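Chemist: A predicted structure for the sequence below; I have some questions about it.
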Amino acid sequence: MADTINVPLTEDELAILIDALESDMEGYLESAKEARMNNNREDIVTFTEAATRIEVLLARLQDLVDD
């Protein structure tokens with residue numbers, strides 16, 4: 001497992017980070033959709049994996065906001 005890094009953030013900074021990641025995830029999902037239309041399996045896997053990893057991180061960050 002990767003080393004843990006502590007980054008102190010304000011609630012506003014965390015909200016900005018969450019918004020940016022949501023936008024990034026949407027881009028990867030759209031790219032995966034386009035890759036499906038082009039039948040490009042390698043890109044489908046790559047973009048879907050990226051979106052999934054962002055989704056997991058977003059859940060962790062949103063848990064911090066909800067506390």
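Modeler: Okay, I see it. Numbering: from 1, shown residues only.
Chemist: Check the protein and tell me which residue is nearest its centre.
Modeler: By CA atoms, centre = their mean, the mean C-alpha position of the chain lies nearest to I54, the distance being 2.0 Å.
Chemist: residues contacting that residue?
Modeler: Residues in contact with I54 (CB atoms under 8 Å, 6 or more residues apart in numbering) are 21, 24-25, 28. All C-beta spots, glycine's among them, are computed from the backbone N, C-alpha and C.
Chemist: Where does the prediction get shaky in the protein?
Modeler: 1, 67 (pLDDT under 70).
Chemist: Now do the helices in it.
Modeler: Shown for the chain, the helices assigned by DSSP state H span residues 11-37, 41-66.
Chemist: Of all the ones you listed, which one is nearest A2?
Modeler: Closest of the helices of the chain to A2 is helix 41-66, at 12.3 Å (criterion: CB to CB).
Chemist: Just want the angle from the closest one to helix 11-37.
Modeler: Orientation of helix 41-66 against helix 11-37 (axes from the mean of the first three to the mean of the last three CA atoms, to 10 degrees) gives an angle of 160 degrees.
Chemist: Off-centre distance for helix 41-66?
Modeler: Once both centres are worked out by CA atoms, centre = their mean, to the nearest Å, helix 41-66 turns out to sit 4 Å from its chain's centre.
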